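K.L.:
Structure, please.
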Amino acid sequence: MRGKNGIRAYEYRHVVGFEETNLVGNVYYVNHLRWQGRCRELFLRDHAPEVLAALEDDLALVTVSVHCDYLAELRAFDEVVVCMHLAGLAQNRMTLGFAYRRLDAEAETLIARGEQVVACMRREGERLVPTPIPETLREALRLYDPVMAVPGGVQLDPWHRGPENIADSSDPYGTRQQLNLGLIRNLDDYLYNAQTKVCGYLKIQDVAASFSLRFSTTD
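P.N.:
Numbers count the residues shown, from 1 in each chain. Next up, the predicted model:
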């Protein structure tokens, strides 16, 4: 676990093999996505083994979306550390952020950034229905939530879920109510109370982190 810009992250270390490179000698792009999955699996093994047991029953962790931004090349025998942190929560979904760093003799080089959204579902016969994130997984994710350690930030309980945040079967992946709590908790003017219902989305539009936020309040 390391702190980069105040972010505590779960680490997966990997040495690139020849089978992961292409004809010109650099790492084939799809391997970065595989490493995200490997990092997530090891995180569950280390911090939430009960979730792994539940996956053999009726629990399903569905990858809704995944992406990677490539900044530099990797080659065979490069040592890379994949750092994973919690980037946001929405209904039954979690957003995981990834940073890929090449370990050199005297420095580390950021070579890629990635993100994936995972929905927590439960099997009912032939169907998958939304289900709350298991408590053990919430507690494990809390360890790698960078906002929890931000001094002077808005003090919210990121694990509280009111009735408005419970997913419904007509919107199993929560696409109509997308909310990145990790970013909202950094907004000084954000008021959280029982009368506020978030019904829109918070979206990072560029590296400068400009936002668009829609919400409504009930009387």
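K.L.:
Could you use CA atoms for every contact and neighbour count after this?
P.N.:
Fine.
K.L.:
in the protein, which ranges drop under the pLDDT threshold?
P.N.:
Along the chain, segments meeting pLDDT under 70 span 1-7, 148-219.
K.L.:
Which strand in this protein has the most residues?
P.N.:
Longest strand of the chain, by residue count under DSSP state E: strand 108-124.
K.L.:
list the helices and strands whatever helix or strand comes next after it packs on?
P.N.:
Next along the chain after strand 108-124, taking DSSP states H and E as the criterion, comes strand 127-130. With contacts defined as 3 or more Cα pairs under 8 Å, 6 or more residues apart in numbering; DSSP states H and E, the packing partners of strand 127-130 are strand 108-124.
K.L.:
partners of the strand it packs on in the sheet?
P.N.:
Here strand 108-124 has these sheet partners by DSSP bridges: strand 59-70 (antiparallel), strand 93-103 (antiparallel), strand 127-130 (antiparallel).
K.L.:
Check which residues of the longest strand of the chain are buried.
P.N.:
111-122 (16 or more other Cα atoms under 10 Å).
K.L.:
Go through the longest helix seen in the chain and flag the buried ones.
P.N.:
Assignment by DSSP state H gives helix 30-47 as the longest helix of the chain. Using 16+ other Cα under 10 Å as the test for burial, helix 30-47 gives 32-33, 35-36, 39-40, 43-44.
K.L.:
now stretch 53-68
P.N.:
Quick answer for stretch 53-68 (16+ other Cα under 10 Å): 59-61, 63, 68.
K.L.:
picking that back up, out of the strands paired with strand 108-124, flag the one nearest Arg142.
P.N.:
strand 93-103 (11.7 Å; Cα to Cα).
K.L.:
That closest one to helix 30-47, inter-axis angle?
P.N.:
Interaxial angle of strand 93-103 relative to helix 30-47 (axes from the mean of the first three to the mean of the last three Cα atoms, to 10 degrees): 110 degrees.
K.L.:
Tell me what the closest residue to Leu59 other than its chain neighbours is bridged to.
P.N.:
Among residues not flanking Leu59 along the chain, Arg122 sits closest, at 4.6 Å (Cα to Cα, 6 or more residues apart in numbering). Here Arg122 shows beta-bridge partners Leu59, Val129, assigned using DSSP bridges.
K.L.:
thought Arg122 was touching Ile133?
P.N.:
No - taking contacts as Cα atoms under 8 Å, Arg122 lies outside contact range of Ile133: 10.4 Å.
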